[in-house]
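# Sequence isn't available, so here's the structure alone:
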């Protein structure tokens, strides 16, 4: 198992080496075809594949009880919604598939959009016939359509916005500092205290609405976006964050373009030690102090942050 390999991708690669598919693993584990491989399956999978069970469990999604707030854990990070992990809609970089023959862990994040090594947008469809790529296939390099996924004839170059966002997400995934990346990207430096899922919530907030005052369907936050849709969200998010940074003093001017729900989630269900404070500052700057006060009435625990900050000063 490579250090940067996807847990699900490793299972696919390992079972394919023995002539099988992921559906065969499901049968051996006694789980349904629609159920995903999870960290609880790691002990048996590790025994079959001859790898360390703790290392494999670290790379497979874990379902958490509702009482914890976060719904998933994977790669040492907590995630608020199940849809932020690509457990049912894989994506690939055709050039990486051709050269490396394995899937990267970063591609398991729904808002991962491109390959930093080759500068290509990730794709969830076969580059030859446009069939949707699924996890249950005969190998990492092959689609269910029997075409090789390493064809780069139709590969699309990633835009600068996607590359900037990907650098931030991958640095966060590796628990590396990204203050310099944020500054180079042109987004507020104080966002660098966010957790990995915190960054994704901010991208959702600034990128989900296609235009001013667009309605937000609740499912948009819980479902896994198709790769092309995720790229649109991230592209809009980076552009708006950069413009917001340049005109952050215009309190309330961004209210029509930013989705509230992800920022509320950032404050009320933090997965990192600074998520709540960063979410609060963003919400206040985007929607104004009046809206922040109304929100605190609905979530009294947010008012405790004011007391803490007052004591600290």
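Yes, it's here. Being a predicted model, the structure only gives us computed values, none of them experimental.
# which strands and helices sit next to the longest helix along the chain?
In the chain, assigned by DSSP state H, the helix with the most residues is helix 227-246. Counting contacts by 3 or more CB pairs under 8 Å, 6 or more residues apart in numbering; DSSP states H and E, helix 227-246 packs against helix 160-173, helix 196-207. Where you see a C-beta, it was placed from the backbone N, CA and C, and this is true even at glycine.
# To residue 82, which of those lies closest?
Ranking the helices and strands packed on helix 227-246 by proximity to residue 82 (CB to CB) places helix 196-207 first, at 11.7 Å.
# out of the helices and strands packed on helix 227-246, which comes closest to residue 224?
Across those, closest to residue 224 is helix 196-207 (CB to CB), at 12.0 Å.
# what would the helices and strands packed on helix 227-246 look like in CSV with distance to residue 216, mean pLDDT and mean neighbour count?
Formatted as CSV, the helices and strands packed on helix 227-246 follow (distance: least, CB to CB, whole Å; pLDDT from 0 to 100; neighbours: other CB atoms under 10 Å):
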stretch, distance to residue 216, mean pLDDT, mean neighbour count
helix 160-173, 20, 95, 21
helix 196-207, 10, 96, 27
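# Residue 35: which of those is closest?
Once the helices and strands packed on helix 227-246 are compared by CB to CB, helix 196-207 is nearest, at 23.1 Å.
# Touching the helix or strand just after the closest one from outside, list them.
The helix or strand immediately downstream of helix 196-207 is helix 219-222, counting by DSSP states H and E. With CB atoms under 8 Å, 6 or more residues apart in numbering as the contact definition, helix 219-222 has outside contacts at 81, 82, 83, 204, 208, 261, 262, 265.
# What of stretch 165-173?
The contact list for stretch 165-173 (CB under 8 Å, 6+ apart) reads 75, 77, 105-106, 109, 111-114, 116, 158, 177-178, 181-182, 185, 194-196, 199-200, 203, 234, 237-238.
# Stretch 143-162 now?
Here stretch 143-162 has contacts from 92, 94-95, 97-99, 113-115, 119-121, 123, 126-129, 131, 133-134, 136-138, 140-142, 166, 231, 234-235, 238-239, using CB under 8 Å, 6+ apart.
# on that earlier part again, lowest-confidence one in the contacts of helix 219-222?
The lowest pLDDT within those belongs to residue 82, which sits at 84.
# measure that residue to residue 228 for me?
Relative to residue 228, residue 82 is positioned 20 Å away (CB to CB, to the nearest Å).
# sorry, back to before: for the longest helix of the chain, buried residues please.
227, 230-238, 240-242, 244 (16 or more other CB atoms under 10 Å).
# circling back: got a markdown table for the helices and strands packed on helix 227-246, with distance to residue 33 too?
Shown next, in a markdown table, are the helices and strands packed on helix 227-246 (distance: least, CB to CB, whole Å):
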| stretch | distance to residue 33 |
| --- | --- |
| helix 160-173 | 29 |
| helix 196-207 | 28 |
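# what about the ones you listed, which gets the closest to residue 297?
helix 196-207 (21.0 Å).
# May I have the beta-bridge partners of the residue nearest the centre of the chain?
In the chain, the residue lying closest to the centroid (CA atoms, centre = their mean) is residue 109, at 3.4 Å. Taking DSSP bridges, one finds residue 85 as the beta-bridge partners of residue 109.
# oh, and call the first residue 23 from now on, that's how I've got it
Shifting the count to begin at 23 puts that one at residue 131.
# who's in contact with it?
106, 107, 108, 191, 195, 218, 222.
# which of these sit farthest apart?
Going by CB to CB, the pair spanning the contacts of residue 131 furthest: 108 and 218, at 14.4 Å.
# Is residue 64 within a helix or a strand, and which one?
Per DSSP H and E: helix 64-71 holds residue 64.
# start to end distance for stretch 214-233?
From its first residue to its last, stretch 214-233 covers 27 Å (CA to CA, to the nearest Å).
# Over to stretch 74-84?
OK, stretch 74-84 end separation, CA to CA: 17 Å.
# So which bits of it are buried?
Neighbour count says stretch 74-84 has 75, 78, 79, 80, 81, 82, 83, 84 buried, by 16+ other CB under 10 Å.
# Tell me which of these fall in strands.
residue 84 (DSSP state E).
# and residue 144, how far is that from residue 101?
Distance from residue 144 to residue 101, by CB to CB: 19 Å.
# do residue 200 as well
Residue 200 is 18 Å from residue 101, by CB to CB.
# ok, which stretches of the stretch 73-222 of the chain are strands?
Secondary structure of the stretch 73-222 of the chain (DSSP state E, counting those that start in this stretch): strands located at 84-85, 94-96, 99-101, 136-137, 142-143.
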